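Q: Generate a structure from the sequence data that follows.
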Amino acid sequence: MRRLLLLALSAAVLTALFAASAAEAKSVKLKAATRNLYLGTDLIPIAASGTQAELEQKALAGYNQVKANDFSARAKRLAAEVKANKPDLIGLQEVAL
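A: Numbers count the residues shown, from 1 in each chain. Below you'll find the model as predicted:
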């Protein structure tokens with residue numbers, strides 16, 4: 001109950017703040033970019049393997065495909081694109097460590 005009350009109070013305060021600032025707000029243009037960083041292979045065939053031998057074969061094929069997609073080279077091109085276009089916001093999909 002306490003959390004619900006805190007959430008409702010927070011929402012009311014934020015709504016009031018945004019309403020007040022919206023009345024005074026100027027139009028701002030933001031540039032956005034979005035990119036899918038894609039691992040470089042489809043994991044579904046690996047996960048659907050029926051035997052240990054099939055799993056090993058498909059995992060090796062997937063690993064080789066990831067290496068062939070050369071993320072380092074793609075990352076350098078992405079960095080150059082960001083530097084050239086200077087977006088204010090960048091959205092990234094399929095990001096992994």
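Q: Low-confidence bits of the chain, can you list those?
A: Low-confidence segments of the chain (pLDDT under 70): 1-6, 17, 19-23, 25, 97.
Q: can you map out the strands along it?
A: 32-36, 89-93 (DSSP state E).
Q: Now distance to Thr15 and mean neighbour count too, for those, in TSV please.
A: C-beta here means a position set from N, CA and C on the backbone, and glycine is covered the same way. Listed next are the strands of the chain as TSV, based on distance: least, CB to CB, whole Å; neighbours: other CB atoms under 10 Å:
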stretch	distance to Thr15	mean neighbour count
strand 32-36	25	12
strand 89-93	23	11
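Q: and Leu37, what does it touch?
A: 71, 74, 92-96 (CB atoms under 8 Å, 6 or more residues apart in numbering).
Q: Give the full set of residues in contact with Ser72.
A: Listed by CB under 8 Å, 6+ apart, Ser72 has no contact partners.
Q: And for Leu9?
A: With contact set as CB under 8 Å, 6+ apart, Leu9 has no partners.
Q: Could you do Glu81 as well?
A: Contacts of Glu81 (CB under 8 Å, 6+ apart): Ala33.
Q: For it, give its distance to Val13.
A: Distance, Glu81 to Val13, by CB to CB, to the nearest Å: 39 Å.
Q: among the strands of the chain, which is nearest Leu7?
A: Counting by CB to CB, Leu7 lies closest to strand 89-93 out of the strands of the chain; the figure is 26.5 Å.
Q: Show me what the closest one is packed up against.
A: strand 32-36 (3 or more CB pairs under 8 Å, 6 or more residues apart in numbering; DSSP states H and E).
Q: Show residues contacting the strand it packs on.
A: With CB under 8 Å, 6+ apart as the test, strand 32-36 has contacts from 78, 81-82, 85, 87-94.
Q: now with 7 Å?
A: 78, 82, 85, 87-94 (CB atoms under 7 Å, 6 or more residues apart in numbering).
Q: Leaving out the residues flanking it, which one is nearest to Tyr38?
A: Excluding its sequence neighbours, the residue lying closest to Tyr38 (CB to CB, 6 or more residues apart in numbering) is Glu94, at 5.5 Å.
Q: Nice, that's everything, thank you.
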